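In: this is a predicted model, with the sequence first.
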Amino acid sequence: MYKVLNEDGSCCYGGQGRWPLPTKRLDGTWTPGAWLEVEGKLKSCANGLHACRDEQVLDYLGSAMFELEYEGEVQDTGDKCVGRKARLLRRFEGWNPRSQRLFASDCAERMLPLYEAAYPNDTRPRVAIDTARRYANGEATLQELAAASDAAWDAASAAARAAAWDAAWDAARDAAWDAARAAARAAAWDAARAAARAAAWDAAWGAAWRAERAWQYQQLCEYLGGAL
C-alpha cells in the first residue's frame with residue numbers, strides 16, 4: 001500500500017496526529033516506523049488508518065510518499081483502503097519537489113494539442129509548462145516561473161470566456177492534476193459528435209479516462225524509479 005503525508009508525517013488529506021516515520025540506515029535499507037492501531041469499528045474517513053493501492057495513489061498525491069503495510073482487518077472502499085493496524089516501511093525518495101513538478105508538467109503537456117488546436121497562436125500554456133520544467137531542473141528563476149504561471153492563468157481565463165473552459169483551464173493550470181479528466185471530456189466530445197451522442201460519450205469518455213489514468217500511473221512509476 002501507499003501512504004501520502006506531509007514532510008513531517010502529518011496527514012494532508014484529513015485525520016489527526018503524525019505517523020512515525022521510517023528511518024534510512026547507512027546501508028540504504030530502511031527501519032520501519034512504529035505500528036499504529038485504532039480501536040472501534042472501521043469506517044472510511046471516520047475511524048481507521050487510511051492508505052491507497054496502485055492507481056488509487058493518483059488521487060492522493062502530496063509532498064511525501066511512503067510504502068505502508070497493514071496487519072489484521074483491512075477494508076477497500078474503492079478509492080482508498082482503511083485498516084486497523086499499519087506502519088510505514090520506507091519513503092519513496094524519487095518522489096520529491098523536482099519529480100513532482102516534472103510529473104505535473106508531463107500531465108499538463110498532454111493537454112496542449114487540445115488547447116493549441118483551438119488557440120494555435122497562444123503559446124502561454126506551453127511556455128508555462130516549459131518554464132516549470134526548467135525551474136525543476138534549476139534552469140529558471142522563481143520570478144520567471146511566477147510570470148509564466150500568471151500568463152498561463154490569463155490564457156485559461158480568456159479561453160474560458162470563449163466557451164472553452166474545460167480544455168483551456170486544465171491545460172494551463174500549473175499543477176495540472178486534473179489534466180486526464182479534461183482530456184477525457186474532450187476526447188469523448190469528439191467521438192460523441194461523430195456517432196450516436198449518448199452512447200459514444202459514455203464509451204469514449206470511459207476509455208479515454210482509463211487510458212490517461214494508466215499513462216499517468218506508469219509515468220509516476222518512472223519517477224519513483226520503478227519501485228511500485
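Out: Alright, I've got the coordinates. Numbers count the residues shown, from 1 in each chain.

In: does A51 sit in a helix, a strand or a coil?
Out: Classification of A51 by DSSP: H, G, I helix; E, B strand; the rest coil places it in strand.

In: so who does it touch?
Out: By C-beta atoms under 8 Å, 6 or more residues apart in numbering, the contact list for A51 reads M1, Y2, K3, L68, Y70, K80, C81, G83, A86. (Glycine included, C-beta is placed from N, CA and C.)

In: helices or strands next to the helix or strand hosting the third one in the packing?
Out: Here K3 is covered by strand 2-5, with elements defined by DSSP states H and E. Under the contact definition 3 or more C-beta pairs under 8 Å, 6 or more residues apart in numbering; DSSP states H and E, strand 2-5 sits against strand 49-51, strand 64-76.

In: go through the contacts of A51 and say which is closest to L224.
Out: Y2 (9.8 Å; C-beta to C-beta).

In: quick check: beta-bridge partners of that closest one?
Out: Legend: beta-bridge partners of Y2 under DSSP bridges are C52, E67.

In: how about the contacts made by it?
Out: When contacts are counted by C-beta under 8 Å, 6+ apart, Y2 touches A51, C52, R53, Q56, V57, Y60, M65, F66, E67, L68, L228.

In: mind putting those in a markdown table, distance to V38 and pLDDT included?
Out: Listed next are the contacts of Y2 as a markdown table, based on distance: C-beta to C-beta, whole Å; pLDDT from 0 to 100:
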| residue | distance to V38 | pLDDT |
| --- | --- | --- |
| A51 | 13 | 95 |
| C52 | 17 | 92 |
| R53 | 19 | 89 |
| Q56 | 20 | 88 |
| V57 | 22 | 90 |
| Y60 | 19 | 90 |
| M65 | 22 | 95 |
| F66 | 18 | 96 |
| E67 | 20 | 95 |
| L68 | 14 | 96 |
| L228 | 26 | 57 |
